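here is the input, now give the coordinates:
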Amino acid sequence: MRRKLKFDLVIIGGGHAGAEAAWIAANVGASVGLVTMEHRAIGRMSCNPAIGGIGKGQMVREIDALGGLMALATDRAAIQFRMLNRSKGPAVWAPRAQCDRDAYARAVQSILGGAKNLTIVEGSVEQILTRPSGDSSNRPGVSGVLLSDGRRLESRAVVITTGTFLRALMHCGEQQCEGGRIGEASANGLSDTLRSLGFELGRLKTGTPPRIHRDTIDYSVCEIQPGDDPPIPFSFLSVGVSQPQMDCWVTWTNPRVHEPIRGNLHRAPMYSGQIQSQGPRYCPSIEDKVVRFADKDRHQVFLEPEGYDNERVYCNGISTSLPTDVQDAFVREVAGLENAKILQYGYAVEYDFVPTHQTAATLETKRISGLYLAGQINGTSGYEEAAGQGLIAGINAVQGLRGGEPLILGRHEAYIGVMIDDLITKPPTEPYRMFTSRAEYRLRLRADNADQRLTPTGRRWGTVEDFRWQKFSEKRAVLAALQDLVLASSVEGVPMGTWIRRPEVDLCAFEAAANGRWATPFTLENLELVLLDAKYSGYIDRQEEQIERFRKLESMTIPERIDYSSIPDLRAEARESLRRVTPRTLGQAARMPGMTPADVTVLWIYLSGRRSTVRVG
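Model (predicted):
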C-alpha cells in the first residue's frame, strides 16, 4: 500500500458538503482526494430523506445553477415532488422532494464516479498537517492530512466537512455511545488537532425521530399528502420525472401522547442535564414542543416513506431522545400508529463545531491558510445548507491554489450568500437553518430564476460546463423573445406588458395570449418566469434601489489589520465584536450583533478619512 498520496485538494467527509466540494473542485481541474470512513456512506441521508423546503429548495436550485450535483441526484432518487407555499406569494414558493434514501446515496456516488480528477480514500483523518507561512499574512498553511493508519495525503488545501462526527456522542435516554450516526464511529482525533492549531470549538446538538415499519400503520385514519401532478424536477438540466411517485401521510399527536412525555422529562437528556449543548430552535424535539407549547393539545406528524423498497417510514415531527420504553409508549398513542413497530428509535447527537468568527466569507479559516470549513462544522443544520457551503468552499479552495479571485455571493445574489454572510457576521450559537425570512431581497431570489441569477456566475468561475451553458443560453434566448413579444403586443386594446400585471391575469390566460401569437409554443416554465417578473416589477425595482444602497456599504472595505482601539467614540462592545468577527466590509460590520447605527457611522467616517471631525453620543 502506498503510504503517501499527493493531491491539490483534500476533502474530509463524504456527506452533502463534502460531495459538492469534491465534485465542483474536480470539475474545474483540481486533483481531489475525498476522505471518508466508508465509501458506501457517501451521500447518505442521516436524517429525513428529503431535499428542499422553504428557503432550502431555493438553495438547491442555486447549487444546480452553479454546477453542483444535489439537484441532479434528487431528480434521480425522488419519490415525491411538491412545490410548497403555492397559496402564498412567489417569493416563498419552495420546491421539496421526498427521496428514496438508498437511491439518493447511489445517485451521489454515481455522479462523483464521473469526475475525472477525484480519488476516494477510505480512512479517518487524525491530524491536519501544516507548513510555515508562505505569504504576507504570516499564517501557517496546510500541507496535507495524516490518516489514523499512518497514510499521509499531501495537499496545499483542505476542506473539512465532517457533519455531526466531530467528537460525536449519541444519546437515547440514559444510554450514551460514541458516533455521529447509528452504526458509524466518531471522529475524535480531528477535534484534538483543531484545538492544537488554536481553534476555539463549541458544542451543538441535533436529533432524529423514530422510524416505523410501513405495514404497521393504519393509513385509514391519516390524511393523505400526494405530490404534484405533474412533478416539477429540481435541476435545470432535467427534462422531466420518469419514476413513479408515492404518497406521504399526515397524522397528529394528542394529550395521550403528551402524557408519558411529560411524565418522563427527568429521563430526557435535554432536561436531565445529560446534554448541555444547544439544539435547533426551529426543529424542536417532541419533548420541547410539549414543554414550550403546553397550551397545544396536538402537533403534526408527517409520515414519510424512506423509499420504494424500504420498509421504514420517517416520523417527521416527533424527534426525540427519550428512552426506548417511553418512545414505545407515546408513539403508539399517535393516531394511526397504535400497532406501530419501531424499527429505529429516535436519538440525539452532540458534536463539536468551529464558531464562525474564526472563518472568512470565502469559508477559509483565518488562522490557517488553505484550510476551509463547510457544513455542520460551521454551525448549520440541514443537507441543503451543507451542500451550499461545500460548493463555495470547493470553488474557493481551488481559486486560492491558483491565485484567483474568490467567489463571494452577496445577499442580493443568492440564498447561499445570505447564509454565509449570516454565519460570518452573526456566528451561530444554535444550529443555523435557512428560511425565506432571512433574505431581504427574497422576491428577487426565487427558485424559478436561480439559473438566470447564477449560471453566468458559474460560467465565469469555470463551474458551468458547455452542455449546461448551451441549454441556459437557449432558454435565455427564448425568454428574450417572449419579453419582446410582451413589449410589442396588446390584448383587448391594452399593451400586453400592462395587461399581464392585472390581478385576474393568471398563467393560463397569459399562455393563451402569448402562444396565440408565436409559432413555437412557450413552455409554462418560461411563461411563468416572465409573468412573475412583470407582476412584481414594481417591488423588484424598489428592491434594486435598496440593493444599490447596500452595494455602497459593501464597497467600503475594512483594512485587515485595522486597530479598532484607535478609533475614537467607538463603543467598547462594538470594538470587541469587530475584533472577534473582523468583518471584510462596512456592510458586514453593520449586520453584526452589538453594532449600533452610531457605531456604523463612526466607523464609516473613520474609513472615509474624516475621523477627526466626529463626535457621537
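
ok, D309 - how many residues close by?
8 (other Cβ atoms under 10 Å). (Glycine included, C-beta is placed from N, CA and C.)

name the SS class of it, please.
coil (DSSP: H, G, I helix; E, B strand; the rest coil).

same check on L578?
helix.

now do the same for the most centrally placed residue in the chain: its pLDDT.
Compute the mean C-alpha point of the chain, and by Cα atoms, centre = their mean the closest residue is E385, 1.1 Å away. We have a pLDDT of 97 for E385.

just checking, it touches F435?
No - counting by Cβ atoms under 8 Å, E385 stays clear of F435, with 11.0 Å between them.

without its sequence neighbours, what residue ends up closest to T320?
G346 (4.1 Å; Cβ to Cβ, 6 or more residues apart in numbering).

got a list of what the one you found touches?
The contact partners of G346, taken as Cβ atoms under 8 Å, 6 or more residues apart in numbering, are C172, G207, T208, P209, P210, I318, S319, T320, S321, L322, Q327.

could you report the neighbour count for the fifth one?
Neighbour count for P210, taken as other Cβ under 10 Å: 25.

surely it is in contact with C315?
Yes - at 5.6 Å, P210 and C315 qualify as touching, with contact defined as Cβ under 8 Å.

CA atoms of the lengthiest helix in the chain as PDB?
Criterion DSSP state H: the longest helix present in the chain is helix 466-488. Extracted as PDB, the C-alpha positions of helix 466-488 are listed here (Å, rounded to 0.1, in the frame of the first residue of the first chain):
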ATOM      1  CA  ASP A 466     -20.600  23.500 -22.100                       C
ATOM      2  CA  PHE A 467     -23.800  21.500 -22.100                       C
ATOM      3  CA  ARG A 468     -25.400  23.400 -19.200                       C
ATOM      4  CA  TRP A 469     -24.300  26.700 -20.700                       C
ATOM      5  CA  GLN A 470     -25.700  25.800 -24.100                       C
ATOM      6  CA  LYS A 471     -29.100  24.900 -22.600                       C
ATOM      7  CA  PHE A 472     -29.100  28.000 -20.400                       C
ATOM      8  CA  SER A 473     -28.300  30.200 -23.500                       C
ATOM      9  CA  GLU A 474     -31.100  28.700 -25.400                       C
ATOM     10  CA  LYS A 475     -33.500  29.300 -22.600                       C
ATOM     11  CA  ARG A 476     -32.300  32.900 -22.200                       C
ATOM     12  CA  ALA A 477     -32.900  33.500 -25.900                       C
ATOM     13  CA  VAL A 478     -36.400  32.100 -25.600                       C
ATOM     14  CA  LEU A 479     -37.100  34.400 -22.600                       C
ATOM     15  CA  ALA A 480     -35.800  37.400 -24.500                       C
ATOM     16  CA  ALA A 481     -38.100  36.500 -27.400                       C
ATOM     17  CA  LEU A 482     -41.100  36.200 -25.000                       C
ATOM     18  CA  GLN A 483     -40.300  39.500 -23.400                       C
ATOM     19  CA  ASP A 484     -40.000  41.200 -26.800                       C
ATOM     20  CA  LEU A 485     -43.400  39.700 -27.700                       C
ATOM     21  CA  VAL A 486     -44.900  41.200 -24.500                       C
ATOM     22  CA  LEU A 487     -43.500  44.600 -25.300                       C
ATOM     23  CA  ALA A 488     -44.700  44.500 -28.900                       C
END
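
L485: neighbouring residues, count only.
17.

quick one, grab the pLDDT at it.
Among the per-residue scores, L485 holds a pLDDT of 92.

any residues in contact with both of P210 and C315?
In contact with both P210 and C315: V331, using Cβ under 8 Å, 6+ apart.

any idea how the protein splits into domains?
211-347, 465-539, 556-613 (automatic domain parsing).

tell me which of those lies nearest to G189.
Closest approach to G189 among these is made by domain 211-347 (20.4 Å; Cβ to Cβ).
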